[in-house]
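Engineer: Predicted model and sequence follow; I will ask about them next.
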Amino acid sequence: MDTFIVNGNKKLEGEITVGGAKNVALKTFVASLLTDDEITIRNIPHIKDVLLMLDVMNHLGVETQFEDHVVHIKNGSLQETTVPLDVGGRLRTSSMVIGPLLARYGEAKIPNPGGCRIGARPIERHIEGLKLMGAQISYDSGDGYFHAKATKLHGVHYTFPKNTHTGTETLLLASVLAEGQTILENAAEEIEIDDLIAFLSSMGAIIKRTSPRTIVIDGVDRLHGTEYTIMPDRNEEVTFAVASAVTNGSIIVHKSKPEYLKTFHEEFRFVGGSVEVMGNDATKYSVKYTIRPRDIITAPYPGFMTDWQGPWAVLMTQAKGISTIHETVFESRFSYVSELKKMGATIEFYDPDVKDPETFYNFNWEDRIPDYHQGIRISGPTTLHNAIVTIDDLRAGATLVLAALAAEGETLVQGVEHIDRGYENIEKRLTELGADMKRIKE
């Protein structure tokens, strides 16, 4: 378990380039199963989750080459339709191969998906749609696998009961080669899904978003290879924006896409941050005024992303007054709170007043852990201090690194392997901005 040693309270200034979006990169690898032609994907971040997903593809018999942020991938010799338990269990995206495998090979075995521990993240929303498309799917608790077969997938008119990013993508990947037309209602709106749609379209898929929450797919007989450059990672850009604010610095982010971050920019400006768009691909972040408190409710796109609430909590420790964060997407995403409190943050849990929680929350209310809370109150401003803290999921990792950068003294951040899942060479890139941090390998 690697550890970051961070000497905080250093102003971060300079320029940085965001990497490609992890949440698009992994799905394009899955899409390679839909053709035997070679696919070239550019702007791929060199992060742990990318390597894990390429490992999944290699176990299935797909040839891959990853160099200089470019992946060449070719599925001409598929050998397996079973994702190994030890490989697939580490990464939630591995479950998404079920659609392409059923569409082209008529069978698939996938383990219960893994990934960050931020809630139940139910897979039944995907499975129900695939069953309606003609798949027979059962779960065997004895071996930990979903067993799936299909003679031929066909189009379906399906309405998701709740917003699901991964569910929308799973059915997209299954339907592009299905017979007939598929209509997905209450589909997720995320920009990353639209980038996947553009990628699939470049392979010959026929897909159209006819309204913000409706996607229509006309199945085709075959898809072909493509070359494609994926979008930048919104979560990285938000991390660097908050880093500028909590260190009272100024950071120019290159490969920025401000049109993807309208909600964040509105809130960042409201609390005293400055957002200066510099041309088509650069944005400068800094602090313009004394940080003021703000109440935030997370929501699916175009709302305030659940992935942003941890870094936002660090920013609100510097606000003058009381701020709140109400988490509505996942039932368990405040693991970082106990660690921030070690660093002097004043945070307390509370239960937001919600009349119909089963309908209001995006997760399955019955999955909620007893005595967990969906809201936190943050009192500030607080001078954060050094501590020994531990990361237990990717976004909590970014949160604790930001807190360490803002804190006085030397902080040890343990569990760095979690942040490696989504951030490439984070310590090197932050050091180039003025951070005093290093990695200790164990």
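Structural biologist: Looks like it came in fine.
Engineer: confidence score at the closest residue to residue 80 other than its chain neighbours?
Structural biologist: Setting aside the residues directly before and after it, residue 80 is nearest to residue 60 in space (CB to CB, 6 or more residues apart in numbering), at 4.9 Å. In short, each C-beta sits where N, CA and C put it, glycine included. In this prediction, residue 60 carries a pLDDT score of 94.
Engineer: now residue 143
Structural biologist: On the pLDDT scale, residue 143 gets 89.
Engineer: Count the neighbours of it for me.
Structural biologist: The tally of other residues near residue 143 (other CB atoms under 10 Å) stands at 10.
Engineer: if I look at it, how far off is residue 428?
Structural biologist: Distance, residue 143 to residue 428, using CB to CB, to the nearest Å: 42 Å.
Engineer: quick one: buried residues of stretch 286-295?
Structural biologist: 286, 287, 291, 293, 294 (16 or more other CB atoms under 10 Å).
Engineer: need the contact list for the third one.
Structural biologist: When contacts are counted by CB atoms under 8 Å, 6 or more residues apart in numbering, residue 291 touches 245, 271, 272, 273, 315, 316, 318, 319, 320, 380, 381.
Engineer: isn't residue 244 right up against residue 252?
Structural biologist: No. With the criterion set as CB atoms under 8 Å, residue 244 and residue 252 do not qualify as a contacting pair; they are 9.3 Å apart.
Engineer: Just name the shakiest helix or strand of the chain by mean pLDDT.
Structural biologist: helix 85-88 (a mean of 81; mean pLDDT, DSSP states H and E).
Engineer: Tell me the buried residues in that helix?
Structural biologist: Applying a neighbour-count criterion of 16+ other CB under 10 Å, the buried positions in helix 85-88 are 85, 87, 88.
Engineer: hmm, back to that, can you pick the most crowded of the contacts of residue 291?
Structural biologist: Counting neighbours by other CB under 10 Å, the top entry in these is residue 316, with 30 neighbours.
Engineer: what pLDDT does the residue lying closest to that residue once chain neighbours are set aside get?
Structural biologist: Counting by CB to CB, 6+ apart, residue 323 is the residue found nearest to residue 316 once chain neighbours are left out, at 3.9 Å. If you check residue 323, the pLDDT there is 98.
Engineer: And the host helix or strand of residue 323, what's buried?
Structural biologist: Counting by DSSP states H and E, the secondary-structure element that holds residue 323 is strand 321-326. The neighbour-count criterion (16+ other CB under 10 Å) identifies 323, 324, 325, 326 as the buried residues of strand 321-326.
Engineer: can you give me the strands in the stretch 201-350 of the chain?
Structural biologist: In order along the chain, the stretch 201-350 of the chain carries the following strands (DSSP state E, counting those that start in this stretch): 206-211, 214-218, 226-229, 250-254, 273-277, 282-287, 295-297, 321-326, 346-350.
Engineer: So in that sheet, which strands flank the strand holding residue 323, and in what orientation?
Structural biologist: Strand 321-326 has the following sheet partners, assigned by DSSP bridges: strand 295-297 (parallel), strand 375-380 (antiparallel).
Engineer: hey, which of those is tucked in deepest?
Structural biologist: Per residue and on average, the most neighbours among the strands paired with strand 321-326 fall to strand 375-380, with a mean of 20 (mean count of other CB atoms under 10 Å).
Engineer: next helix or strand past that strand?
Structural biologist: Taking DSSP H and E as the definition, the helix or strand right after strand 375-380 is strand 388-390.
Engineer: quick one: contacts of that following strand?
Structural biologist: If you take CB under 8 Å, 6+ apart as the criterion, strand 388-390 is touched by 339, 342, 343, 400, 403, 404, 411, 412, 413, 414, 415.
Engineer: Can you list the strands that it pairs with?
Structural biologist: Applying DSSP bridges, one finds strand 388-390 paired with strand 410-414 (parallel).
Engineer: next helix or strand past the partner strand?
Structural biologist: Downstream of strand 410-414, the first helix or strand assigned by DSSP H and E is helix 416-419.
Engineer: which residues does the residue sitting furthest away from the middle of the chain contact?
Structural biologist: For the chain, the C-alpha farthest from the mean C-alpha position belongs to residue 151; by CA atoms, centre = their mean, that distance is 32.9 Å. Residue 151 makes contact with 106, 134 under the criterion CB under 8 Å, 6+ apart.
Engineer: Next, give phi and psi for the closest residue to residue 368 other than its chain neighbours.
Structural biologist: Once flanking residues are discounted, residue 368 sits nearest to residue 331: 4.5 Å by CB to CB, 6+ apart. Backbone dihedrals for residue 331, given as degrees, to the nearest 10, come out at phi -90, psi -10.
Engineer: next one: stretch 292-312 to chain centre, how far?
Structural biologist: The chain centre lies 14 Å from the centre of stretch 292-312; the measure is CA atoms, centre = their mean, to the nearest Å.
Engineer: With just CA atoms, put it into PDB.
Structural biologist: Output in PDB follows, covering the C-alpha atoms of stretch 292-312 (Å, rounded to 0.1, in the frame of the first residue of the first chain):
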ATOM      1  CA  ARG A 292     -18.900  31.600   1.200                       C
ATOM      2  CA  PRO A 293     -21.100  28.700   2.200                       C
ATOM      3  CA  ARG A 294     -23.400  26.900  -0.200                       C
ATOM      4  CA  ASP A 295     -26.000  24.100   0.100                       C
ATOM      5  CA  ILE A 296     -25.500  21.400  -2.600                       C
ATOM      6  CA  ILE A 297     -27.700  18.500  -3.700                       C
ATOM      7  CA  THR A 298     -26.100  15.900  -5.900                       C
ATOM      8  CA  ALA A 299     -28.000  14.700  -8.900                       C
ATOM      9  CA  PRO A 300     -27.500  13.000 -12.300                       C
ATOM     10  CA  TYR A 301     -26.400  15.100 -15.200                       C
ATOM     11  CA  PRO A 302     -27.000  18.000 -15.700                       C
ATOM     12  CA  GLY A 303     -27.000  18.300 -12.000                       C
ATOM     13  CA  PHE A 304     -24.100  18.600  -9.500                       C
ATOM     14  CA  MET A 305     -22.200  15.300  -9.900                       C
ATOM     15  CA  THR A 306     -21.900  12.900  -7.000                       C
ATOM     16  CA  ASP A 307     -18.200  12.500  -8.000                       C
ATOM     17  CA  TRP A 308     -17.700  16.200  -7.100                       C
ATOM     18  CA  GLN A 309     -19.100  16.300  -3.600                       C
ATOM     19  CA  GLY A 310     -16.000  15.100  -1.800                       C
ATOM     20  CA  PRO A 311     -13.700  17.700  -3.300                       C
ATOM     21  CA  TRP A 312     -16.500  20.300  -2.800                       C
END
